[in-house]
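Asks: coords below, sequence missing:
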């Protein structure tokens, strides 16, 4: 992600069943940053995570790996052995999460995450803080705004009533409250409009200059035509 202040890295996780989304912004895409993101995700979701699907980036696995070493790290932890491990794979092993990797150069395997990133990148952000605020509003609307029959939060609550053993705690702590549930969609609409203005204004000026240049070149090639038409009118 880029703003007028520089470059940022967006970490996104989406539950394939409930479509619940979680996102964080980091200044660098490092192993420690990815591990911290996973730990924050574990704390954010109310249910137990058993599998995570990631790409083959160096922040998620050791370069050249075809499969994650989280299972081997988990065995070494159980035996009390000394070992050297990737930070993200170590975080998966400690949380008893099975890490799976997508095929190299196959971003569509994680299509839901890629679509969300593409949607967020469509807009212009003036500052890092502006982008962070827009991201919070977008994720809140994504998780709590009603799409079709239900939204991710409602689905999670419905599963909790049927299978409470799959949850660490009651999912009601995710509720934003009645006022906040209404505000995200409005805030996002306002942010999108304000985000487009700085980007479209120079573009319109550029198009206007191109149009004036083409008009000047066209009139320069046939300057006598308007004179003849005026003579005919006389």
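Replies: Yep, it's here. Treat the numbers as computed from the prediction; the structure is a model and nothing was measured.
Asks: quickly list what the residue nearest to residue 166 when sequence neighbours are not counted is bridged to.
Replies: The shortest distance from residue 166 to any non-neighbouring residue, by CB to CB, 6 or more residues apart in numbering, is to residue 47 (5.3 Å). C-beta coordinates here come from the backbone N, C-alpha and C atoms, glycine included. Counting by DSSP bridges, residue 47 forms beta bridges with residue 167.
Asks: quick check: closest non-adjacent residue to residue 33.
Replies: residue 26 (4.5 Å).
Asks: phi, psi of the one you found?
Replies: phi -130, psi 150 (degrees, to the nearest 10).
Asks: swap in residue 23?
Replies: Torsion angles, degrees, to the nearest 10, at residue 23: phi -140, psi 150.
Asks: same question for residue 25.
Replies: Torsion angles, degrees, to the nearest 10, at residue 25: phi -110, psi 130.
Asks: can you show me the helices along the protein?
Replies: Per DSSP state H, the chain carries helices over the ranges 31-44, 70-79, 87-94, 111-121, 128-144, 152-162, 178-221, 224-233.
Asks: those helices: lowest mean pLDDT?
Replies: Averaging pLDDT over each of the helices of the chain singles out helix 224-233 as the lowest, with a mean of 42.
Asks: tell me the pLDDT at the residue nearest to residue 33?
Replies: Taking residue 26 on its own, its pLDDT is 94.
Asks: how many other residues sit next to the residue nearest to residue 166?
Replies: The number of residues packed near residue 47 is 19, by other CB atoms under 10 Å.
Asks: next, the contact list for residue 156, please.
Replies: If you count contacts by CB atoms under 8 Å, 6 or more residues apart in numbering, residue 156 has them with 18, 20, 46-47, 171, 174.
Asks: which of these are buried?
Replies: Listed as buried from those are 18, 20, 46-47, 171, 174; burial here means 16 or more other CB atoms under 10 Å.
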